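Novice: The amino acid sequence is not available; the structure is as follows:
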């Protein structure tokens, strides 16, 4: 199997789910649950074809699907999974279109695997890409937003059989309406949003995310088997670094307004002995400090891995006594555009600071990387 | 003009709006605002035809429309009124139907007049009836619910251009999803819900509500002009009674979770001198006590009128120092069926008591009045 380009997802999705949970930066849900769901769907419906972004027809009808809400709750109320495909068919019916492809909105243990379930159930190929290259807590926080792609019409479904479709004046309003609905529906829903043409996906999506997830997950296993350090295997692939190592000594976590918000304190060990590492998260890790000094902040990636095995630890799974390594890696460079930072930068989340890059440098200047021809259009 | 059967609504809707606000039992919004909206729409689009329930074709496509939320807020953010028709067209599009008639869900200063606006804008006749014969605070609280009519698909719109459509497993869930959406949309939205055939309207609706509103409003004016007591003109028409007269001495009101909840204390005057009258409301008046003794409770009608002019006073307009008379009147007898009382009886609203009828008698036994052939089907 070619590790650089996934063409099909077979019944074993352990590596993909693990890699997705790593890119999920603490959010995006439990990779074990996501793996079970995807594997069950593939056993029932057969393997899922994977379509590379560059090969998408411009007129492809791509419907992304995701879980919204607190993954903790999702885990506790998993039903048949019928609502995964239902979110897609509900939106397709509302739009009066026939979907040709399913896609992931973000990377994460649940949100990279739910689309596999939907694709298997619907017999549609899954796009090898996503809207973030990581996970973020709110609907509007995807690269398509800065390209003017609308989050609505979006569909929302729960496991009880309730559903809805929203049309909103902007993508932030999609978040504002879907969030209280999600809370009322039990803090976890399935949504289909950011319906796009193939041409829009080519412009706005992060490419090769599923392949990268598979490659990350496999590299961790390979490193373990070869008695190499699996955490370094991850930072190598992502072009990141190990920020600090330590033992979790305190976790403050509350599920509020549909998010898992909180802070964790990690007591440094080894080269970090005597240091205090602080993590701030809202579903995803947003900021890591060592002895009060910011090391990396959103939008760059902050990930917590088991110190020995490199298994990703979600913000909801963080527990006292866990030995972890905190790593960081660069986000898709478009996340550092001014309009992106307004949406996902530290200040949006209430931290009065310029973004700190994955390597600890402070960049108050944007680093645009899009060619002029694909610059964002106003939303 | 025949006062017993309205056939057309012309540019002067003062009487209809006043009568609707009386039947609104304290809720349903400000009749003055409702009147202005309806009159402006009729001036622009022409008179609105009124269709009697008994004359509806069985295959008529009837789409009710209403305001949801706190009328106080509605008053403060009235826009063009474009969303009144939009709620209807949004639901019609979702259902894939062409509406033939507009209808009121409840009686009330706003909710009897918004449908006039929508009917004028859409050039459709308005059904002379409603789903309650009064007003109640939650979506599922209509007689169609006990006949098994579904509240969803329902549409919801705000004045900013946001909209949604919900499909829920039962009518209580329609309330549960639309309420937080309404709160997020600014505590006031326009909804279209309980789409019905003409046959369903004939079975489940209260007949002649608009004609009754017009007649009530006209009777108040006529009594004033003839120097008769306009409050007694109202109780005569409704078959009700004056519970007590007094001066408002205290109002506790809070707009919370999209409702105007509260209590008011009225110090008795005249024949009630020395008595304390207490009103409990949630958008609508739900319970009136005199010296601690319940006089009337939901589902029967409790109305507060200006002591001299009989102008209806909404729960949101109640103010210290107002001289009022509290009157009561019988609800449509179907509201006293056991399944109705489970939905709108005192216990649903947190009062541990059997319903007290409009005449002060306690009826713990249901008083069914439907012929067996039209008994409710399970929801």
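Specialist: Thanks, I have the structure now. Source: prediction; values computed, not measured.
Novice: Could you double-check that residue A:27 sits in contact with residue A:135?
Specialist: Yes: using CB atoms under 8 Å, residue A:27 is in contact with residue A:135, at 4.2 Å. All C-beta atoms are positioned from the backbone trio N, CA, C, and that covers glycine.
Novice: shared neighbours of these two, which are they?
Specialist: By CB atoms under 8 Å, 6 or more residues apart in numbering or on different chains, residue A:27 and residue A:135 have these common neighbours: A:108, A:283-284.
Novice: Which of those residues fall in strands?
Specialist: Judged by DSSP state E, strands contain the following of these: residue A:284.
Novice: Are any of the shared contacts of residue A:27 and residue A:135 buried, and if so which?
Specialist: Buried members of the shared contacts of residue A:27 and residue A:135, scored by 16 or more other CB atoms under 10 Å in any protein chain shown, are A:108, A:283-284.
Novice: pLDDT-wise, what's the bottom of those?
Specialist: Lowest pLDDT among these: residue A:283, with 86.
Novice: so how far is residue B:209 from it?
Specialist: Here residue A:283 is placed at a distance of 49 Å from residue B:209 (CB to CB, to the nearest Å).
Novice: One more: residue A:29?
Specialist: For residue A:29 relative to residue B:209 (CB to CB), the value is 50 Å.
Novice: Not counting sequence-adjacent ones, nearest residue to the residue of chain A found nearest chain B?
Specialist: For chain A, the residue closest to chain B is residue A:180, as judged by CB to the nearest CB, at 3.6 Å. Among residues not flanking residue A:180 along the chain, residue B:180 sits closest, at 3.6 Å (CB to CB, 6 or more residues apart in numbering or on different chains).
Novice: quick one, phi psi at the one you found?
Specialist: When read as degrees, to the nearest 10, the backbone of residue B:180 gives phi -60, psi -30.
Novice: ok, it - contacts?
Specialist: A:180-181, A:183-184, B:258.
Novice: Just the closest of these to residue A:295, please.
Specialist: For the contacts of residue B:180, the residue nearest residue A:295 by CB to CB is residue A:183; the value is 32.8 Å.
Novice: how many other residues sit next to that closest one?
Specialist: By the measure other CB atoms under 10 Å in any protein chain shown, the count of residues near residue A:183 is 20.
Novice: Kindly confirm my reading that it is in a helix.
Specialist: Yes: applying DSSP: H, G, I helix; E, B strand; the rest coil, one finds residue A:183 inside a helix.
Novice: Could you report the pLDDT at it?
Specialist: As predicted, residue A:183 sits at a pLDDT of 88.
Novice: Next one: it from residue A:28, what distance?
Specialist: Using CB to CB, we find residue A:183 at a distance of 19 Å from residue A:28.
Novice: Check residue A:145 too.
Specialist: Taking CB to CB, one finds residue A:145 at 18 Å from residue A:28.
Novice: Compare the two and say which is more crowded by neighbours.
Specialist: Using other CB under 10 Å, the more surrounded residue of residue A:145 and residue A:28 is residue A:28, with 36 against 25.
Novice: Helix, strand or coil: sort out the more buried one for me.
Specialist: Note that with three-state DSSP, the state of residue A:28 is coil.
Novice: ok, and the closest non-adjacent residue to it?
Specialist: Using CB to CB, 6+ apart, the closest residue to residue A:28 is residue A:108 (1.4 Å).
Novice: same check, this time on residue A:340
Specialist: Leaving aside its chain neighbours, residue A:340 sits nearest to residue A:146 (5.7 Å; criterion: CB to CB, 6+ apart).
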